[in-house]
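Visitor: have a look at this prediction, sequence included:
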Amino acid sequence: MTDRKDKGIARQKELVKPKFIHLRVHSAYSLLEGALKVDSIIAYATADREPAIAIADTNNLFGALEFSQKCFKAGIQPIIGCQLAIDFQDESSNARTTRHRALADFPAIVLLAATNRGYANLLQLVSRAYLDKPNIESPHIRAAMLDGLSEGIIALTGGPGGPVNQALAVDKHERAVRRLDILRTAFGDRLYIELQRHNRYNQFLEQRLIELAYEKKLPLVATNEAFFLKREDYEAHDALLAIAAGQVVSVDDRRRVTPDHYLKSQEKMAQLFADLPEALDNTVEIAMRCHAYTPISKPILPRFIDHSGDDPAAVLVAEAEEMAQQAREGLAERLKTIGLAQGYTVEDYKKRLEYELSIIIRMQFSGYFLIVSDFIKWAKARSIPVGPGRGSGAGSLVAYALIITDVDPLRFSLLFERFLNPDRVSMPDFDIDFCQERREEIIHYVRQKYGRDQVAQIITFGTLQARAVLRDVGRVLEIPYGQVDRLSKLVPSNPANPVSLARAVADEPKFAEEIQKDAVVGRLIDIAGKLEGLYRHASTHAAGVVIGDRPLSELVPIYTDPRSDMPVTQFNMKYVEQAGLVKFDFLGLKTLTVLQTAIRFIERKGIEIDLPYISLDDPKTYEMLSRGETVGVFQVESVGMRKALLGMRPDRIEDIIALVALYRPGPMENIQIYNARKHGKAEIASIHPKIDYLLNETQGVIVYQEQVMQIAQVLSGYSLGEADLLRRAMGKKIREEMDKQRVRFIDGAMEGGLSKEQANTIFDLLAKFADYGFNKSHAAAYAILSYQTAYLKAHYPVEFLAASMTFDISNTDKLNDFRREAERLKIKVVPPSIQTSYRIFEVGENKIYYSLAAIKGVGEPAVDHIVDCRGDKPFESLEDFCGRTDPRIINRRVWESLTNAGVFDCFGIAREVLIAGLDTIIARAQRVAEDQNSGQIDIFGMMSGPKETLILPDAAPWFVAKKLHREFQAIGFYLSAHPLDEYRDLLKKMRVQEWRAFKNFVRRGASVGRLAGTVNAKQIHKTRSGNKMGVIQFSDASGQYEAVLFSEGLAQYGDSLELGKSVIITVAAESKSEGVSLRIQEVKSLEDEAVKLQRAMRLYLNSSDAARKIIPYLNSARDGGEVNLVLVKEQIGQEVEINLPEYYRIGPQIASALKTIQGVMDVELV
């Protein structure tokens, strides 16, 4: 690879000597600063006939490998550089403090890798800029670091932002000279004084630089710091800088560059520096001196066995022997504890194991298997849940023997070659699922074992995608939010396959209408289009971890995320692997955490469960699955999956495996075929008698990639390795490769007795299925995990649902789903209580205690404090709670949230009284705390003064609707009751439908209906025409739903849709792919409608005091009523009825309020 330099300027110079070479280009990897994509830079260099070009991104080498490879492909010499901040430690302490407070960067120089040693040193310097800096400072290196790491690097003094220029700009000539001397000592004749001539450049400062250069006998070099492609891109780049600063374009006091910072042509630069030809010539000289390249390496595997002094070949042998020994012992243990798959012998297992071992050893991957096995065994030894498998790795018997997976590949006919193909050398790739709560522990173990400097996570870059860039640009241009929001929503939302802004504008006519109406929209779309696809931020890949055999900074540059102490590679997934690092995927899977928590709950009953050993033939589990009762069940809880399960009625694990594989776009249509054949409603069609047995398990449907491979093996004599290549070719649809494979397949099939026509037909069939065939190994592993969750739910629903709720604690929609599922299963969800609730959802006898941490506005510190203070001794009273908790933690916001959620109901004090008395309560808590702090407590921890009972102010009773609405705000849904509960019988009389039932009717063709709902949320938007539109969120006992109300309806009914109010709505409905949409046609007060149905009310009292207390309620209900009121009171053992002469306007709401009055025994509405 060292001859690559010959493809660059050294060869092209013989043809035409360039006038100028760019050495200061900022690519898009200068995050929210550079607006030049790598492909654009290379296209520019090609068009301007520039034989070499450099990128010098700000404090990083994110794009070095991508840029280098693409340049070589285009026949251009890449020059790898970096604009690196440097601390000369020569400022006063006040100046440094000011810099830190302003978050200002240190001055920067440009470092260019001239040789391979220089590239290695650049990796070190850039890495240390992140690894060695204090957290409060931006990335930089200390000048002293240069002495040992400058070899092979060419340095430029950095232009206007450089240390020499900055010193001269504040008239610190001696400081400038000292800094220049430091750089000269480090770089010698590889140091150049940099000149930039953007418009309005400082000519006086340039003259001083030139004088310094001649005085110090240092060469000059002309540069053009470029951030964007063309002058006309300046406005878009300025918007980018405003986005980065979180400011708007119109703000003057922010960072800007000039319109001159574009990628100028050679000709333009030659004209600009015509008076300093040596500065131009030196750009070419520097390019000639640079012949470093970014190496592409074969996988560099870390060593599992430390034989640092041994020959590498000896290490490989030792690792192979260790792996083989562990695998043989592990298989023996597996067969002893779990047993053989039906139809297989011990000899079959041994033969398969030895075959796999031979391939792994031959491909020199023994160390990889040992490393993965080691950290999984470490995790399991510490009870950290690990998934049964994921991806094609579940097809390996060696992995099963080494405890990497819990899937027996012989039991499920899984193919090793789908994972590791001896005919196609590529790294094995185990994706491992771990408990999401303890994933970091395993990564920490790996860092400790292999060295903190040899383990890192992998960087990933977030881009400005169409919707987001419209919003960002709209904000900095100060376009009204509503207008920008409306435009962004015209872009289809498809995260898996994002739609470009250009495509959205072309496909959506409304964009053209908006541009026609308002010129600012055209400007917005133009700027957003130029910025779309640029990198917005760097973050950490969710799973990828690399382990090296040496410090990683010797192979790749290192970055650190301020939010983590774990280093991150500066190359992304693709390029970190090309640099030779081996990736290990540590994925966090919530389901594993749920399963472990449920098992811990179950163990309290004295029942032990070991999931890998549970029967896969449990009737109760399959009965539950067949009923579609899969809320919370991994992989199969969606509505579509439940429908598929109802049709499938699975009775074996193979059915679940098939469903996991089939439930995807493309093969989904085969689910009905599978189900019909499974239940004898359709015959299984034979593709060819020779392969029918391969498809028996899937009802004659080709479902898995492995089946394609096996068919090729049986019909055409492919080895499984060759068959994997066939599968890949079919999946990629490469015409040339497909033609070769077709000939190979047909020839083999004809030798086996098939006609050419049959072979062609089967090949075409396989090609069709290979396009969306699924990896059976992955399907099997995830089906087992799905079955395990279903098993726990079927047998231990209380424990399973409590665990599920605990790990969806911040997702109120999911919590509500689980709560409804618990109700369906006759499991009581006990509302939160200060006495019985904890941080997690706890279990009781057929009940689940609601979590305090799930209450909005409380927070985990307050919850932990309450639980700690309560200990084993329940709070005796409100006064006791005030005395035992810290008011600094249990503040007003916490008190309000807890009260609204009903946690203090156990003290027998109405919620409205507590809210009204919060000032009194908090004052008491603060006074107790002050007394305790001042020592006014006795040795038993009691206040030295008398215990005072809290006197709380009177408060008007809350109607049930208000009480429940405040509960809804605290919990996120209605828990203790629903406001519609008191109307249940009346709603039946009114023929009002529940949302869940109505939704199903709409999917079957209904288009209009009447629903009851309580208003949970209301948003008012402006439409494109300027009219108002309301989006109203309702709920009933069956769930939550939304409906829209347009301007006329909003004017008529808007006031009736107050938060917390219950109404009856008439809606027009339409079934769409994303769900059912509702448009409100009429709104009526539910209470008003209920009142119309009431004719009489009997009120049972047991005291005269109660009779006096009901008077205010009756007075408020005098107008327009038709309800006859009868008071019933017991006197001398007999009921006395008093029929009041007036008629009242009484419905369920007032009736419920009357029930809360002390002395009211019962209320009957008839």
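Guide: Alright, I've got the coordinates.
Visitor: where's the nearest residue to Ala729 once chain neighbours are set aside, which helix or strand?
Guide: Take Ala729 and drop its neighbours on the chain: the residue closest to it by C-beta to C-beta, 6 or more residues apart in numbering is Glu737, 4.3 Å away. The way it works is simple: take the backbone N, C-alpha and C, and place the C-beta from them, glycine included. Element membership for Glu737 (DSSP states H and E) is helix 735-751.
Visitor: got a list of contacts for the helix or strand that that helix is followed by?
Guide: As assigned by DSSP H and E, the chain's next helix or strand after helix 735-751 is helix 756-772. Outside helix 756-772, the residues that touch it by C-beta atoms under 8 Å, 6 or more residues apart in numbering are 664-667, 687-688, 702, 705, 707-708, 711-712, 715-716, 727, 730-731, 733, 738, 742, 745-746, 749-750, 754.
Visitor: quick one: mean pLDDT over whichever helix or strand comes after helix 756-772.
Guide: Note on helix 756-772: by DSSP H and E, the next helix or strand toward the C-terminus is helix 776-795. Averaged across helix 776-795, pLDDT comes to 97.
Visitor: for stretch 356-367, same thing?
Guide: 95.
Visitor: for that stretch, output the C-alpha coordinates as CSV.
Guide: Output in CSV follows, covering the C-alpha atoms of stretch 356-367 (Å, rounded to 0.1, in the frame of the first residue of the first chain):
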residue,chain,number,x,y,z
GLU,A,356,-17.0,-26.2,13.6
LEU,A,357,-13.8,-26.2,15.7
SER,A,358,-11.7,-27.1,12.7
ILE,A,359,-13.1,-24.1,10.7
ILE,A,360,-12.8,-21.7,13.6
ILE,A,361,-9.2,-22.7,14.2
ARG,A,362,-8.3,-22.6,10.5
MET,A,363,-9.7,-19.1,10.3
GLN,A,364,-7.8,-18.1,13.4
PHE,A,365,-10.9,-17.0,15.4
SER,A,366,-10.3,-19.0,18.5
GLY,A,367,-9.4,-16.0,20.6
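Visitor: which outside residues touch that stretch?
Guide: Against stretch 356-367 from outside (C-beta under 8 Å, 6+ apart): 301-305, 316, 319-320, 322-324, 327, 369, 396-398, 416, 420, 422, 425, 427-428.
Visitor: mind checking which of those residues are in helices?
Guide: When the contacts of stretch 356-367 are checked against helices (DSSP state H), the matches are Leu316, Glu319, Ala320, Glu322, Met323, Ala324, Ala327, Phe369, Leu397, Val398.
Visitor: and the residue nearest to Ala729, how many residues sit next to it?
Guide: 15 (other C-beta atoms under 10 Å).
Visitor: relative to Arg727, how far out is it?
Guide: Remark: distance between Glu737 and Arg727 (C-beta to C-beta, to the nearest Å) = 12 Å.
Visitor: same question for Leu592.
Guide: For Leu592, the distance to Arg727 - C-beta to C-beta - is 30 Å.
Visitor: quick check: end-to-end length of stretch 1019-1026?
Guide: The straight-line separation of the ends of stretch 1019-1026 (C-alpha to C-alpha, to the nearest Å) is 15 Å.
Visitor: show me what that stretch is in contact with.
Guide: Around stretch 1019-1026, the neighbours that count as contacts under C-beta under 8 Å, 6+ apart are 482, 486, 510, 513-514, 1028-1032, 1046-1047, 1050.
Visitor: so which bits of it are buried?
Guide: Residues of stretch 1019-1026 classed as buried by neighbour count (16 or more other C-beta atoms under 10 Å): none.
Visitor: so which residues of the stretch 151-300 of the chain form strands?
Guide: 153-156, 191-196, 220-223 (DSSP state E, counting those that start in this stretch).
Visitor: make CSV out of those strands and add distance to Thr1066 and mean neighbour count.
Guide: CSV is the format used below for those (distance: least, C-beta to C-beta, whole Å; neighbours: other C-beta atoms under 10 Å):
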stretch, distance to Thr1066, mean neighbour count
strand 153-156, 74, 26
strand 191-196, 70, 24
strand 220-223, 71, 26
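Visitor: switch those over to CSV; also include mean pLDDT and distance to Tyr575.
Guide: Converted to CSV, the strands of the stretch 151-300 of the chain look like this (pLDDT from 0 to 100; distance: least, C-beta to C-beta, whole Å):
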stretch, mean pLDDT, distance to Tyr575
strand 153-156, 98, 21
strand 191-196, 97, 29
strand 220-223, 98, 27
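Visitor: out of those strands, the one nearest Ala236 is which?
Guide: Comparing the strands of the stretch 151-300 of the chain by their distance to Ala236 (C-beta to C-beta), the top pick is strand 191-196, with 21.7 Å.
Visitor: and that closest one, what other elements does it pack with?
Guide: If you count contacts as 3 or more C-beta pairs under 8 Å, 6 or more residues apart in numbering; DSSP states H and E, strand 191-196 packs onto strand 153-156, helix 173-187, helix 203-216, strand 220-223, helix 277-289.
Visitor: and the strand ranked longest in the chain, what's buried?
Guide: Scanning the chain for the strand with the most residues, using DSSP state E, yields strand 1008-1022. Neighbour counts using 16+ other C-beta under 10 Å place Gly1009, Arg1010, Leu1011, Ala1012, Gly1013, Thr1014, Val1015, Asn1016, Lys1018 of strand 1008-1022 among the buried residues.
Visitor: nearest to Gly451, of the residues you listed?
Guide: Among the buried residues of strand 1008-1022, and counting by C-beta to C-beta, the member closest to Gly451 is Asn1016, at 53.7 Å.
Visitor: from Ala1017, how far off is the residue lying closest to the closest one once chain neighbours are set aside?
Guide: If the residues on either side of it in the chain are set aside, Asn1016 comes closest to Gln1033, at 4.6 Å by C-beta to C-beta, 6+ apart. According to C-beta to C-beta, Gln1033 stands 4 Å off from Ala1017.
Visitor: phi, psi of Arg664?
Guide: Phi and psi for Arg664, reported as degrees, to the nearest 10, are phi -150, psi 160.
Visitor: so who does it touch?
Guide: By C-beta under 8 Å, 6+ apart, the neighbours of Arg664 are Tyr772, Phe774.
Visitor: distance of it relative to Phe774?
Guide: Here the criterion is C-beta to C-beta. By it, Arg664 lies 7 Å from Phe774.
Visitor: repeat for Val520
Guide: Taking C-beta to C-beta, one finds Val520 at 48 Å from Phe774.
Visitor: of the two, who's got more company?
Guide: A count of neighbours by other C-beta under 10 Å puts Phe774 above the other of Val520 and Phe774, at 22 against 16.
Visitor: surely Val346 is in contact with Arg334?
Guide: No - counting by C-beta atoms under 8 Å, Val346 stays clear of Arg334, with 11.1 Å between them.
Visitor: so for these two, which sits in the more crowded spot?
Guide: Arg334 (20 against 11).
Visitor: skip ahead from the helix or strand where that one lies and say which helix or strand is next.
Guide: Using DSSP H and E, the element containing Arg334 is helix 312-337. Where DSSP H and E defines the elements, the next helix or strand beyond helix 312-337 is helix 346-362.
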